[in-house]
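>>> sequence plus predicted model, see below.
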Amino acid sequence: MKELKIEIKIQSLSYDELNEQDQTLIDAAKKATEKSYAPYSQFFVGAAALLANGKIITGTNQENAAYPSGLCAERTALFYANSEYPEEKVLTLAIAARTSSGFLDSPIPPCGACRQVLLETERRYNKPMRILLYSKKEIYLINGTQDLLPLSFGSEYLKE
Ligand code: THU
């Protein structure tokens, strides 16, 4: 038997430690939570994607009375960015979430399905996507999906 260990790297930063562009993206994700449609969970999520052309595209979670028909903020933002600007790489994605008590105390981790979509987006544009996970206390900076979804399934397996 052999044990394999996978190491991931995440940086924890304060808002003030971020550069201006990252601060703007976090601000956009936080602001986007106001447009979330989450009448069932009351968990309001905003995502903001910075594209290579400098545009910021935001998305929010969109819920549905038939629960599985809803969509997370990250996928709403990325699918919209990729359909409207298919040629533009996604450089950074910022995510923020709030409940009735305000923004979260610990960084919001994207769900598994969103991580898979983040991975696909990164591969599509052949550029590591930076990911910023916001909370009131600290912000996580992840430098690519390999640190968010290790041991991932990608198109390389389809070719074997
Ligand atoms: N949600 C997101 O939009 N992004 C995440 O990363 C986690 C969960 C949404 C889905 C659903 O509308 C609500 O939050 C509660 O799960």
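Everything's here; your move.
>>> contacts for the helix or strand where residue 79 lies, please.
In this assignment (DSSP states H and E), residue 79 forms part of helix 73-84. Contacts with helix 73-84, where a contact means C-beta atoms under 8 Å, 6 or more residues apart in numbering, come from 32, 36, 45-49, 51, 57-62, 88, 90, 93, 95, 97, 110, 113-114, 117-118, 121, 124. To be clear about C-beta, it is placed using only N, CA and C from the backbone, and glycine gets the same treatment.
>>> next secondary structure after that helix?
As assigned by DSSP H and E, the chain's next helix or strand after helix 73-84 is strand 90-99.
>>> in that next one, which residues are buried?
Buried residues in strand 90-99, counted by 16 or more other C-beta atoms under 10 Å: 90, 91, 92, 93, 94, 95, 96, 97, 98.
>>> repeat for stretch 143-160
144, 145, 146, 147, 148, 149, 152.
>>> okay, and the beta partners of residue 132?
residue 94, residue 141 (DSSP bridges).
>>> just give me the closest of the buried residues of stretch 143-160 to the ligand.
Nearest to the ligand, judged by C-beta to the nearest ligand atom, of those is residue 148 at 11.2 Å.
>>> so which bits of this protein are right by the ligand?
38, 41, 43, 45, 61, 63, 70, 72-74, 108, 110-111, 114 (C-beta under 6 Å from any ligand atom).
>>> appreciated, that's everything.
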